[in-house]
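K.L.:
Below are the sequence and a predicted model for it; my questions follow.
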Amino acid sequence: MLSVMKFIRRQSKNIEKFAREGKVLVVYGPRQAGKTTLLRDYFDAYSGKKVWLQGDDRIAAKELSSRTIGRVSPILNNAKLVIIDEAQYLEEPGLTLKFLVDTYKDAIFIVTGSSAFGLAHHTTEPLTGRASYLNLYPLDMHEIDLTLGRVMTLSVVHDVLVYGNYPAIRKENDTKLKEIMMRDITQAYLYKDILEFEGVRNHEGIRSVLKMLALQIGHDVSINEIATRVQLSRTTVEKYIGILEKSFIIASSTSVNTENERNEIGKNKRYYFVDLGIRNAVVSNFAQIENRTDIGQLWENFVFIERLKKYRHENESVDMCFWRTYSGSEVDIVERKSEYINAFECKWQDSKVNALTREAFAKRFKNLGIKVINKDTWPEYLL
């Protein structure tokens with residue numbers, strides 16, 4: 001049964017790779033993305049002395065946050081593997097983890113953090129040189145393929161476009177329950193982190209900003225336009241978008257570097273949702289694909305975020321960009337490492353790139369062709 005199935009996660013091999021004595025491995029990601037399950041597998045397989053602690057256990061959090069050997073050592077109990085789940089609940093988690101790593105040098109420390117971890121609590125600075133970081137997003141299509149096989153993976157694409165790829169969603173067959181679950185994840189988990197840890201009190205304000213972004217997928221975002229529409233200051237809108245991005249709710253795409261190209265539109269950004277189920281919950285639209293008018297936006301978001309998850313889950317650093325000119329040429333995704341390496345157009349049905357766009361792009365990027373990812377070709381590029 002799907003309800004009891006355990007998905008194969010690509011980050012499993014990176015847990016093995018980066019878990020080291022004298023270091024802390026921080027696993028970031030949104031709630032319900034599978035962080036606890038991933039680490040529980042590693043914990044259960046570890047043969048040495050070990051301890052699992054919950055950051056939201058007030059007693060354990062208080063003792064760890066004391067940063068005194070007399071209070072911390074009894075909790076760790078000489079464990080060689082220490083996992084702290086939901087470490088954002090520790091007081092000053094960065095300083096606490098620095099104390100643990102510096103004091104218990106022969107232990108492996110692994111912590112999970114949901115969206116708020118490292119935002120208000122300044123986690124990264126105290127851990128400079130002491131930590132490795134991994135992102136765990138909701139399932140990517142390759143992970144579904146590894147677990148369910150190619151035939152079933154091909155059959156779930158329409159469902160993913162509507163309900164997203166959270167592990168619990170992929171295990172559920174009832175569409176009404178999926179809709180309820182996605183609303184719960186959006187309300188009870190994502191907003192909870194933002195309100196609790198970032199001090200955002202204008203719940204409706206940040207929801208309005210998020211809804212505006214949901215309706216502008218695939219388009220350059222104007223901060224001034226959003227500020228006017230939702231009646232907030234530009235500074236506040238920028239702050240909210242920054243929080244939403246750091247909280248793994250949205251991901252940004254920047255325009256290709258245009259320093260020497262007068263015809264190119266530079267310094268703009270586009271935003272995509274890390275999970276389409278969240279996006280559809282925000283706009284209150286769980287209609288099936290055949291009844292939707294926004295399939296183009298959903299498809300572009302799907303392709304962009306699957307390419308992003310592919311790189312993040314393989315621990316590769318790749319910039320995700322787009323290219324647009326004042327004369328109307330546009331390419332949805334341009335990927336860059338030290339140089340530009342891939343270019344994609346996202347089209348639900350069409351398989352052709354505009355001739356003028358192809359010609360202009362060829363002049364700008366002489367060794368880079370444009371590939372089309374549509375509903376027929378996607379397995380070649382996303383699995």
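P.N.:
In hand now; what should we look at? Numbers count the residues shown, from 1 in each chain.
K.L.:
going forward, measure contacts and count neighbours with C-alpha atoms only.
P.N.:
OK.
K.L.:
pLDDT below threshold where in the stretch 101-250 of the chain?
P.N.:
Where the stretch 101-250 of the chain drops to pLDDT under 70, the residues are 115-124, 189-193, 196-199.
K.L.:
What segments of it are strands?
P.N.:
108-113, 131-135, 250-255 (DSSP state E, counting those that start in this stretch).
K.L.:
which secondary structure elements does the longest helix along the chain contact?
P.N.:
Ranked by residue count, the top helix of the chain under DSSP state H comes out as helix 295-313. The criterion is 3 or more Cα pairs under 8 Å, 6 or more residues apart in numbering; DSSP states H and E, and the helices and strands that helix 295-313 contacts are strand 131-135, helix 157-163, strand 269-273, helix 276-282, strand 340-346, helix 378-382.
K.L.:
check contacts around residue 112.
P.N.:
Shown in contact with residue 112 (Cα atoms under 8 Å, 6 or more residues apart in numbering): 26, 27, 28, 35, 36, 84, 85, 86, 87.
K.L.:
helix/strand/coil for residue 284?
P.N.:
coil (DSSP: H, G, I helix; E, B strand; the rest coil).
K.L.:
Distance of it relative to residue 293?
P.N.:
14 Å (Cα to Cα, to the nearest Å).
K.L.:
swap in residue 110?
P.N.:
44 Å.
K.L.:
who has more neighbours, these two?
P.N.:
residue 110 (27 against 10; other Cα atoms under 10 Å).
K.L.:
my guess is that one contacts residue 87, does it?
P.N.:
No - in this structure, residue 110 is not within contact of residue 87 by Cα atoms under 8 Å, at 9.7 Å.
K.L.:
Now render the contacts of residue 112 as CSV, adding secondary structure, pLDDT and distance to residue 187.
P.N.:
Formatted as CSV, the contacts of residue 112 follow (DSSP: H, G, I helix; E, B strand; the rest coil; pLDDT from 0 to 100; distance: Cα to Cα, whole Å):
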residue, secondary structure, pLDDT, distance to residue 187
26, strand, 92, 25
27, strand, 93, 23
28, strand, 88, 20
35, helix, 95, 19
36, helix, 95, 20
84, strand, 96, 25
85, strand, 94, 21
86, coil, 88, 18
87, helix, 89, 21
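K.L.:
Would you mark the buried spots in stretch 368-383?
P.N.:
For stretch 368-383, the neighbour count (16 or more other Cα atoms under 10 Å) marks 370, 371, 372, 373, 374, 375, 379, 382, 383 as buried.
K.L.:
helix or strand right after the longest helix of the chain?
P.N.:
Note on helix 295-313: by DSSP states H and E, the next helix or strand toward the C-terminus is strand 319-324.
K.L.:
Can you spell out which helices and strands pack onto that next one?
P.N.:
strand 250-255, strand 330-336.
K.L.:
before we move on, back to that, deepest-packed of the strands of the stretch 101-250 of the chain, please.
P.N.:
strand 108-113 (a mean of 25; mean count of other Cα atoms under 10 Å).
K.L.:
would you put the C-alpha positions of that one in CSV?
P.N.:
Extracted in CSV, the C-alpha atoms of strand 108-113 (Å, rounded to 0.1, in the frame of the first residue of the first chain):
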residue,chain,number,x,y,z
ILE,A,108,28.5,13.4,15.4
PHE,A,109,25.8,16.1,15.6
ILE,A,110,23.0,16.2,13.1
VAL,A,111,20.1,18.7,13.5
THR,A,112,17.0,19.4,11.5
GLY,A,113,15.5,22.8,11.0
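K.L.:
Let me have the strands of the stretch 101-250 of the chain in a markdown table, extended by distance to residue 172.
P.N.:
What follows is these, written out as a markdown table (distance: least, Cα to Cα, whole Å):
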| stretch | distance to residue 172 |
| --- | --- |
| strand 108-113 | 25 |
| strand 131-135 | 24 |
| strand 250-255 | 24 |
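K.L.:
List just the one of these that sits closest to residue 77.
P.N.:
strand 108-113 (13.4 Å; Cα to Cα).
K.L.:
and residue 254, bridged to which residues?
P.N.:
residue 269, residue 321 (DSSP bridges).
K.L.:
Let me fix that, I meant to ask about residue 112.
P.N.:
residue 27.
K.L.:
what's the distance between it and residue 185?
P.N.:
From residue 112 to residue 185 the distance is 18 Å (Cα to Cα).
K.L.:
Ok, residue 347 next?
P.N.:
29 Å.
K.L.:
what's the answer for residue 300, then?
P.N.:
23 Å.
K.L.:
who has more neighbours, these two?
P.N.:
Each of residue 300 and residue 185 has its neighbours counted (other Cα under 10 Å); residue 300 has more, 22 against 19.
K.L.:
wouldn't the more buried one be in contact with residue 218 here?
P.N.:
Yes - look at residue 300 against residue 218 with Cα under 8 Å: they come within range, at 6.8 Å.
K.L.:
Find residues that contact each of those two.
P.N.:
By Cα under 8 Å, 6+ apart, the residues touching both residue 300 and residue 218 are residue 332.
K.L.:
Which strand or helix spans residue 25?
P.N.:
strand 24-28.
K.L.:
Now do the buried residues in that strand.
P.N.:
Buried, per 16+ other Cα under 10 Å, within strand 24-28: 24, 25, 26, 27, 28.
K.L.:
Quick check: residue 101 touching residue 22?
P.N.:
Yes - if you go by Cα under 8 Å, residue 101 and residue 22 touch, sitting 5.5 Å apart.
K.L.:
Which one of the two is surrounded by more residues?
P.N.:
Taking neighbours as other Cα under 10 Å, residue 101 and residue 22 compare with residue 101 leading, 20 against 17.
K.L.:
tell me the contacts of the more buried one?
P.N.:
22, 23, 24, 107, 109, 130.
K.L.:
do the same with residue 29
P.N.:
Counting by Cα under 8 Å, 6+ apart, residue 29 has contacts 35, 113, 114, 115, 135, 136, 137, 247, 248.
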